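Peer 1: I'll drop the sequence and a predicted model, then ask my questions.
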Amino acid sequence: MTAELVSPLAAWTSRLPSTVSERPFLSQLTVRSSDTAAMGSVLGVAFPSRPCTFTEGSGRFGDVSVLWLGPDEYLVVAEPGLQVPIEEGLRACKGSVVDTSAQRTTLVLEGPHVRDVLAHGCSVDLHPAAAPVGTCVQTLLARTGIILQVTGADTFTLLVRSSFAEYLAAWLCDASVEYGLLGETPVTGRPQGHR
Amino acid sequence: MNFRTPTGGTIDRNTLLHFTFNGEGFTGHSGDTLASALLAHGVHEIGSSVKFGRPRGIVAAGSEDPTSLVQIETPFPEPMLLATTVELYEGLEARGLAGQGRLASISDPARYDAKHEHCDVLVVGAGPAGLVAALTAARSGARVVLVDEQNQAGGALLGVDEYLDDRPSASWVADIVAELKSTPGVLVLERTTAFGMYQDGFVLALQKRTDHLGFAAPASVARQRVWRIRTKQTVLTTGAHERPVVFPDNDRPGIMLASAARTFLHRYGVLVGSRAVVFTTNDSAYCAAINLAESGVDVPLIVDARPEAPARLATECAARGIEVRAGQVVTGTEGEGRVTGVHVAGATVACDTLLVSGGWNPVVSLFSQARGKLRYDAELGAFVPGEELGSVRVAGSATGELDLASCVRQGREAGSAAVVAAGFSSRGQVPLPVSDSRCTSRSGLVLWRVPGDEDTSFVDLQRDATVSDVLRATGAGLRSLEHIKRYTTIGTAHDQGKTSGMIAAGIVAEALGVEPADQRPTTFRPPYTSVSFAALAGRDRGALHDPVRVTAIHPWHVAHGALFENVGQWKRPWYYPQPGEDLHTAVLRECRAARSGVAMMDGSTLGKIDVQGSDAGKFLDMLYTNMMSTLKVGRIRYGVMCGVDGMVIDDGTVIRVGEERYLVTTTTGNAAKILDWMEEWLQTEWPHLDVHCTSVTDHWATIPLVGPKSRDVLAAVAPDLDVSNEAFEFMTWRDTQVAGVPARVCRISFSGELAYEINVTAWHGLAVWETLMAAGAPFGITPYGTETMHVLRAEKGYPIIGQETDATVTPHDLGMSWAVSKKKPDFIGKRSFARAENQRADRKQLVGLLPVDPSVLLPEGAQIISSDHLPEPPVRMLGHVTSSYPSAALGRTFALALVRSGHSRIGETLYVPVSDALVPVTVTDSVLYDKEGTRRDG
Amino acid sequence: MQLIPCPWCGPREEAEFHYGGQAHVAYPSDPSALSDEEWAQYVFFRDNPSGPFAERWSHSAGCRRWFNAVRDTRTHDLLAVYRVGEPMPEVAS
Amino acid sequence: MQLPEHPDFLWDDPEPKASYDVVIVGGGGHGLATAYYLAKVHGIRNVAVLEKGWLAGGNMARNTTIIRSNYLWDESSGIYEHSLKLWEGLEEDLGYPILFDQRGVLNLAHSLQDVRDSVRRVNANRLNGIDAEWVDPQGVKEICPIVNVSPDVRYPVLGATYQPRAGIAKHDYVAWGYARAAHAMGVDLIQNCEVTGLETAGGRITAVETSRGRIAAGRVGLCAAGHSSVLAAMVGLRLPLASHPLQALVSELLEPVHPTVVMSNAVHVYVSQAHKGELVMGAGIDSYNGYGQRGSFHIIEQQMAAALELFPVFARAHLLRTWAGIVDVSPDASPIVGLTPVGGLYLNCGWGTGGFKATPGVGDCFAHTIAHDKPHPFNEPFTLERFTTGALVDEHGAAAVAH
């Protein structure tokens, strides 16, 4: 008797634009600490020293990203299933740790039009010069909050609260229409007008 | 009749587009506007005026036109567009308007969107100055955006036949546009009007992306887009509008601005008439006269109001048989509909067209919106930018400069200064073109109006406002232009006074015997040109209007026929009707299951905040009215929060997870507010406290499992948990496995029944819910929604924040003095309880109401009075019904109410006016079911 | 739409922020010692100047941090931002 | 329809005298109405209205002209209903075509709690003698056929309160009607006259200092809406007010489609179609304090999105002009009208978004307050002291946007 995991966008797998995919079930921990060096050594990755950036590294919990969320606030992201050992590991350090793995789900966006799609709803300048790889900002996309990471030349990662994920998916579908990214999938989330 | 020239213009003569106007069929070409295509057929009369019903024609060639209002019917009805800005397409149907448009009665199927753009330099207007400014910035490597409202760059050059660097100006324009478009980091937006200029370099621009395609517009492409441009530096090269002169009967179709005639000729290959008289106060109209004459129009006469005509131009005119009369004015016109003659010096000169030029008004709307001060330029007779603004520069004819060579030099200087200010070094000088322009001198006479019949001398042709209206306004004692604008309605129409505003100011100044410089010009307000509501709504419509928040278990609710209630942005199951059930029968069934068997609901929307740190207890003691620091690890306490004014703002449970860790719950609607509230106190008042708050609302799926059989169901799915009353006490929690996954189970109850709140990660929510449904099947487990939850808690007298409270209710009013600590020296709201108003005995207090007739259901929101007959208004009201339900458990209806002195009225009979009747009710304690609390342990 | 310079995240659109009214209004150390009038001043009365105004903002859609700003209420121009606990900077009005 | 012509004479432009019995600071609707009732009802005609700009050029020129009295609390419904009754006779009273059109106002409910709150208000209104009805979605559709009452929209219309006697008027006509009538009774309307100081002696007001010199007055009434805090600060008086931008907008002229007034607090829309055919809409209040008479455009964009959900037919109407006023908002969203600690200085402020509809009512009551040095019963509850005692008149709960 083990309940199966269902991700917030489980029903959207085949409906998302070809350039958008969900990475569900990642281990995520919200960390508040002014002593990040110790936590960094537990994870094997230095915590970001500058606002609005993230760091990546590898250690005893495998590949780990640490996202700057605010002064003394970070989100540690690792592969699925590691939230319990990571939380235990970090609890040894000074600060607070909260397992927030299911609080948000993760979307990976890629492709040459990714900045165009995001620019329809995100007011942050995502030009490579203004937001180079390694950037991590919390901001609004359309009418929902997101954490946005610039992870590659044309690759972005969005973290969105689980309850807003379907809205964001529908919005991304609609914003992608003009760029021909939906393939043969019918347009979802297109404003319905008024039935 | 055909008024199309054999050659010339930027229209594509190989295309033939069919359209109808006022029901009559016409043809035109790709590149035409509706106005140019109509003029090509000799149609000048577009609509009629709003007040007098006088015919109205085409005055200008662009978005400043005051008169050519049309209604578009196809592909979708759109009101109040200017024929001069509607690009022609196959199948266009339009009709002229009398000042009022008509909205479609059906929904607009088009898509709209918005896009953010960031740049170093924004250039508004792709005329000669703007092009040079943009190129200067672009060559320095800056991110540049160039917007222009036309479908092609060139600005004023589109309407003239001038040569730049010994080649047609269009070729010069094309080269610059090509370079701009091929430069990385440069965005050229055509058909894009910058309509609003706000703080910090924020400029809004509307791009008309598919309107010109008519029926061929792809449905997938957003029809219009609002560009939200954030720029470091702005160069406004917005040009100038020619203005007319006011004279008697100046409103007949066929009377238009000289520059418009020139634009129709050069850009569209259209002659605006057969025989044109020109009336001017400056040089520029001479070029229109010469151009038209050279194109075969009979131009018998130029009437120049100046004492002397410009010698060189007069000579050129004479060579073409155009008589020039200086020192004269047009004193009137005649014609049925279109103009057929003009009055000059007591004689009538026959014509079908009168071209007028009264000088030029720089387009300063955006500059003014950017809070730039304007200065009256007496030589020009117009307001011009009167100061330097930090990051906003103005160049070209928008400054009042009319000489082309000077305009482009200004453009280069502004572009260079802007790009340097944005942090770049200006690289290389963009070469300035050499112009052969003959007609751009400033030397004009400022003439607002020609004396004559003031009742037919129109200042605002769209609003039918005349000189006599202006004089009546000043005669009524009005001095401020704003008052006169309102008295006469001048400048309030579709064109917002683009051509009429300055003239009105001039006429007012004359009437008052002051200089226009002494007056404060009326304020320019966004938008510069009108913007459809739908474009501003963008993508935030229909399914995307506002986020729908759903829980992990939502798909199950949908699949099982739940009806939903909006709670904030959440969709919550309201009730689960079975076939044939209405709200009441479904809710009675759901309630019965919860009180006699087992039922469960999706409580995942409750706000959940993790509070950690060595000062967490101290912090919560300040926020809650009751004591939280004394709560033992493993235990749970209900808490109430007040604002500083002492009024209840939220409630919920607080569980102590560890010595330095709590998990607090909030009401669904207040989750974000309470987290903000906590952070505000922490960060701004008590930053020394070691406390961190983290929202975990979405992390957890929460399932209250309720009813006498809930223990059996839980036992079946949580084999590791000792669910006995002794081992798992009320108001405690356990971490365990439920359905094989980690879970936190809380023994709390919002119904008074034995109940467990099961929390698992949202990923597991759906599966655990289904497992519970299966495990509960033998007990008849019943899912219930918010309505049943409300009934169950109301039977116990538990208030709902926002339903029993309305920002005027204290914990004491709710009968919750027990939840207000008397030990704590302070907590938020405590001091307010001591105020005079809070000490009154007659405060409204929460009580139960039992209708004397147990079958009568009181309407929620009904008022309560003490007398058994309805007196004349105003009637003294004692309070109102906050909640009212039929109750399965009580076998009758009941209600909760806030009643003045309620706690001391228990047992009294009061009356509730319902329609025309008075329903007698008995006041009771708010706890109506299981007062002794025997059911919570099962 | 103003651009508000968050002390941590840099300039962001106004829509990402919550407004918090006048800054430097401390919660009284002992509310019970205050008269009703004094308590009312704390609860309800705030400066409302036309001109520079020290006020609180929260970057609610960003780093969730409260900070202070001096803004000219006539022009809405932000003259300075500073962190909670820092003194209000001198600004030219 | 065409609007009626304004009269051939409105007012003249006098030099301020050295002294008046009463000086009213603020030549907006409230100031003009107060002067009018002082002269007409109380026979006090040696009155000056001082306006720093042009008469009625502040919020009076910027509001969306909705008139209604269906407020929740007895205190509010008292003064607003008093006002509505005066509106009903105002055209005749002033001899000016103010275009008061009692086309009714719908206040929509979009959630079950909205419904409860609405029904509560309707019941309270009726017992207070105010016309009020609860109408279901079909009833909404019958009153205003263009409202989308489909259950499929994001925030469906679950019903509405309806006040048939509510409506709109033409703001300039109202202000000018008061101004002309006040002027005709001897009131001096002094424009371009900014008050720069308030002079007191022995705890009493003695004069106002202005950009056009000192003007002595035994009694001074402040009617300066958004600028009230600034004026009160001149005598060291602190007010519980915040001045915020409030934006509004207008479309081009359209054939009649919208026969009533629709307000939706939940989605921040209020809209009517004015006499000439333009759609007049108000937006939500900008969150920050501001005297700049401009707001942030995203408020307008959100407004449009919400409007199109309710009125799909507005899609291709066009925004013609936007603007902002300065509203002075009190903690309980109710006004402050009455005496001050300074003798002879009277306060009328804190109307937030409700000022226009109150114009005749508060003008009458404030004139009474000034004339008798004592509040009129209708403004008695709206003291400054209520913030100390806690006896608030909290209309926030009843309507977050109380237009």
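Peer 2: Now that the structure is in, tell me what you want to look at.
Peer 1: which parts of chain C sit against chain D?
Peer 2: By Cβ under 8 Å from any Cβ of the partner chain, the residues of chain C that approach chain D are C:1-2, C:13-15, C:18-19, C:21, C:36-37, C:40-41, C:43-50, C:53, C:55, C:71, C:73-76. In this view, the C-beta of every residue, glycine as well, is placed from N, C-alpha and C.
Peer 1: ok, which of the residues you listed also contact chain B?
Peer 2: Applying Cβ under 8 Å from any Cβ to these, those adjacent to chain B are C:1-2, C:18, C:36, C:43-44, C:75-76.
Peer 1: Out of those residues, which is nearest to chain D?
Peer 2: Among these, C:F44 lies closest to chain D (Cβ to the nearest Cβ), at 4.1 Å.
Peer 1: now the residues of chain C next to chain D: which count as buried?
Peer 2: Buried by 16 or more other Cβ atoms under 10 Å in any protein chain shown: C:1-2, C:13-15, C:18-19, C:21, C:36, C:40-41, C:43-50, C:53, C:55, C:71, C:73-74, C:76, out of the residues of chain C next to chain D.
Peer 1: now the closest residue to chain A within chain C, nearest residue through space, not along the chain?
Peer 2: Nearest residue of chain C to chain A, counting by Cβ to the nearest Cβ: C:C63, 3.6 Å away. For C:C63, ignoring the flanking residues on the chain, the nearest one in space by Cβ to Cβ, 6 or more residues apart in numbering or on different chains is A:G70 at 3.6 Å.
Peer 1: With B:P719 instead?
Peer 2: B:Q737 is the one closest to B:P719 (Cβ to Cβ, 6+ apart), at 7.7 Å.
Peer 1: What of B:S855?
Peer 2: Per Cβ to Cβ, 6+ apart, closest to B:S855 is B:T893, 6.7 Å.
Peer 1: okay, now the one you found: neighbour count?
Peer 2: Applying other Cβ atoms under 10 Å in any protein chain shown, we find 19 residues neighbouring B:T893.
Peer 1: Would you pull up the residue in chain A closest to chain C?
Peer 2: With Cβ to the nearest Cβ, the shortest gap between chain A and chain C falls at A:G70, namely 3.6 Å.
Peer 1: do chain D as well
Peer 2: For chain D, Cβ to the nearest Cβ, closest residue to chain C: D:S229, 3.6 Å.
Peer 1: Check what contacts whichever strand or helix holds that residue and list those residues.
Peer 2: Here D:S229, judged by DSSP states H and E, is contained in helix D:228-233. With Cβ atoms under 8 Å, 6 or more residues apart in numbering or on different chains as the test, helix D:228-233 has contacts from C:47-50, D:25, D:195, D:198, D:222, D:224, D:238-239, D:241, D:243, D:328, D:340, D:347, D:349-350.
Peer 1: how far does that helix sit from the chain's center?
Peer 2: Put simply, helix D:228-233 sits 19 Å off its chain's centre (Cα atoms, centre = their mean, to the nearest Å).
Peer 1: hey, where'd the strands end up in chain C?
Peer 2: Using DSSP state E, the strands assigned to chain C run over residues C:3-6, C:10-13, C:18-22, C:52-58, C:66-72, C:78-83.
Peer 1: returning to what we had before: confirm the residue nearest to B:P719 sits in a helix?
Peer 2: No. Read with DSSP: H, G, I helix; E, B strand; the rest coil, B:Q737 is strand and lies in no helix.
Peer 1: looking at it, it is touching B:A743, isn't it?
Peer 2: Yes. Counting by Cβ atoms under 8 Å, B:Q737 does reach B:A743; the two are 6.3 Å apart.
Peer 1: Give the burial count for B:K824, as a bare number.
Peer 2: By other Cβ under 10 Å, 16 other residues sit near B:K824.
Peer 1: Quick check: the nearest residue to C:H76 once chain neighbours are set aside vs B:S391, distance?
Peer 2: Leaving aside its chain neighbours, C:H76 sits nearest to D:G292 (4.9 Å; criterion: Cβ to Cβ, 6+ apart). Per Cβ to Cβ, to the nearest Å, D:G292 is found 18 Å from B:S391.
Peer 1: ok, now D:V147?
Peer 2: Counting by Cβ to Cβ, the gap from D:V147 to B:S391 is 44 Å.
Peer 1: And the two? Which one has more around it.
Peer 2: Legend: neighbour count by other Cβ under 10 Å for D:V147 and B:S391, higher for D:V147 (22 against 17).
Peer 1: show me the contacts for that one.
Peer 2: D:106, D:108, D:140-141, D:157, D:262, D:310-311.
Peer 1: So which of those residues are in helices?
Peer 2: Per DSSP state H, helices hold the following members of the contacts of D:V147: D:140-141, D:310.
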